[in-house]
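Asks: The sequence and its predicted three-dimensional model are supplied below.
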Amino acid sequence: MKGIILAGGSGTRLYPLTTVTSKQLLPVYDKPMIYYPLSVLMMAGIKDILVISTPQDLPNFKRLLGSGDQFGVHFSYVEQPKPEGLAQAFILGEDFIAGEPCALVLGDNIFYGNGLGNVLRKAAAERHGATVFGYYVDDPERYGVVEFDKERKVVSIAEKPEHPASNYAVTGLYFYDSRVTEMAKQVRPSPRGELEITDLNEMYLKDGSLNVMTLGRGYAWLDTGTMDSLYEAGEFVRTVQKAQGLPISVVEEVAYENKWIDRDQLVEAACKYGKSPYGQHLKQVAENRIISRPDD
C-alpha cells in the first residue's frame, strides 16, 4: 500500500505564523506537525510515502524529511500549484500510486490512542473498498458527517451539513483500494470549486464498499488548522507525554520497532538530536531501557 501526506493549503487561518512557512512545519509541542501524520502512516506499515505541498513549501519538506532513509521509508514529492480539494491528491499522485491501494492523511491531523497501530494495520490490510474513521465532535457542521441507521450501518455522508444527521465527523485519514485514482477523476468540482473527498467517499458508499470505523473512548483526533486548535494540540501532546513519561509520534522509534532501521541507525539519530528530550528518548530505546510497540 502507498501513502500520501497532503500538506498543501495556504494556512491563512494561522497568519501571521504561516506567512513564510507551511503550517505542517510548525511545532506541535516538541516536534514538527508533519511528524504526527507521518507516524500514522508508518504505524499502518506504509513505507512508500508521497508528500504533496505547494511549490513554495515543498523544498522545506525535502530539507526536513530527505529521502526517508533515516526513517526506513521512501519519500516522493509532488507540487500542488493550487489547492482544489482533498480528492485532487489522488490525481496529482497518479504516477506514484500506480494502481495500488493508497492511504491519505492530512498533514495537520493528529491521532492518538492505545492500540491505534492495530486499527491502522487492519484498515491497511483491506484490499477492497474504502475505510474512513468516524469521531464524535460537538461541532459536526464543520466536517463531513456520517449518518447511521438503527443497525449502525452507514446510510449517508454529507459535507458540512447545515443540519448534521449525527455528531460523527469523518477524520482526515482515509484508506482506499486500487480504484481510487480512477474514481477520483470522476469527482466533479463542488460549488466552491473543489474536488470534495466526501463525494469520493459517497461513490464507495453507493457501491456498498465503504467501511466506517468509529474511534471511541481512548482515542483522540485533533485538527490543528486554527490558532486555538494548534495551541490545544500542543497542550494535549505535552499533557500526554508528561503523564506517561514517554513521547508520542517518534518516527525513528516507530521505524525501529517496525524493523525498518537497525540499532546503529537509531543511535545515529539519537546523536543527531543530542541532549534534547527527543534525542535522549531515542538513546533510551536503543539501550533497551524503554519497551515500546508500534501501536503505542
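Replies: Ah, there it is.

Asks: Now do the contacts for the closest residue to Lys185 other than its chain neighbours.
Replies: Distances taken as C-beta to C-beta, 6 or more residues apart in numbering place Ile91 nearest to Lys185, at 6.3 Å, with adjacent residues excluded. All C-beta spots, glycine's among them, are computed from the backbone N, C-alpha and C. Ile91 makes contact with Thr181, Ala184, Lys185, Leu195, according to C-beta atoms under 8 Å, 6 or more residues apart in numbering.

Asks: CA-only coordinates of the helix or strand harbouring Ile91 in CSV, if you can.
Replies: Assigned by DSSP states H and E, Ile91 belongs to helix 88-92. The C-alpha trace of helix 88-92 is given here as CSV (Å, rounded to 0.1, in the frame of the first residue of the first chain):
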residue,chain,number,x,y,z
GLN,A,88,-7.2,16.1,-6.0
ALA,A,89,-4.3,14.3,-4.1
PHE,A,90,-5.1,11.1,-5.9
ILE,A,91,-5.0,12.7,-9.3
LEU,A,92,-1.7,14.6,-8.6
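
Asks: So that it lines up with my notes, have the first residue be 53 from now on.
Replies: From this message on, residue numbering opens at 53, which makes the last subject helix 140-144.

Asks: Just the buried positions in whichever helix or strand comes after that helix, please.
Replies: Using DSSP H and E, the helix or strand that follows helix 140-144 in sequence is helix 146-149. By neighbour count on 16 or more other C-beta atoms under 10 Å, the buried set for helix 146-149 is Glu146, Phe148, Ile149.

Asks: Distance to Val198 added to these, as CSV?
Replies: Putting those into CSV (distance: C-beta to C-beta, whole Å) gives the following:
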residue, distance to Val198
Glu146, 28
Phe148, 29
Ile149, 25
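
Asks: can you tell me which of the contacts of Ile143 are in helices?
Replies: In helices, defined here by DSSP state H, the members of those are Thr233, Ala236.

Asks: Only whichever of the contacts of Ile143 are buried, select them in PyMOL.
Replies: Buried subset of the contacts of Ile143, written as a PyMOL selection, criterion 16+ other C-beta under 10 Å:
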select buried, resi 233+236+247
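
Asks: Can you tell me the element Tyr114 falls in?
Replies: Quick fix: residue 114 is Lys, not Tyr. helix 110-117.

Asks: what's that helix packed up against?
Replies: Helix 110-117 sits against strand 100-105, strand 126-131, with contacts defined as 3 or more C-beta pairs under 8 Å, 6 or more residues apart in numbering; DSSP states H and E.

Asks: low-scoring stretches of this structure, by residue?
Replies: The model of the chain has pLDDT under 70 over residues 62, 344-348.

Asks: who's in contact with the top helix by length along it?
Replies: If you go by DSSP H, the chain has its longest helix at helix 279-296. Here helix 279-296 makes contact (C-beta under 8 Å, 6+ apart) with 65-66, 69, 75, 78-82, 162, 164, 272, 274-276, 299-301.
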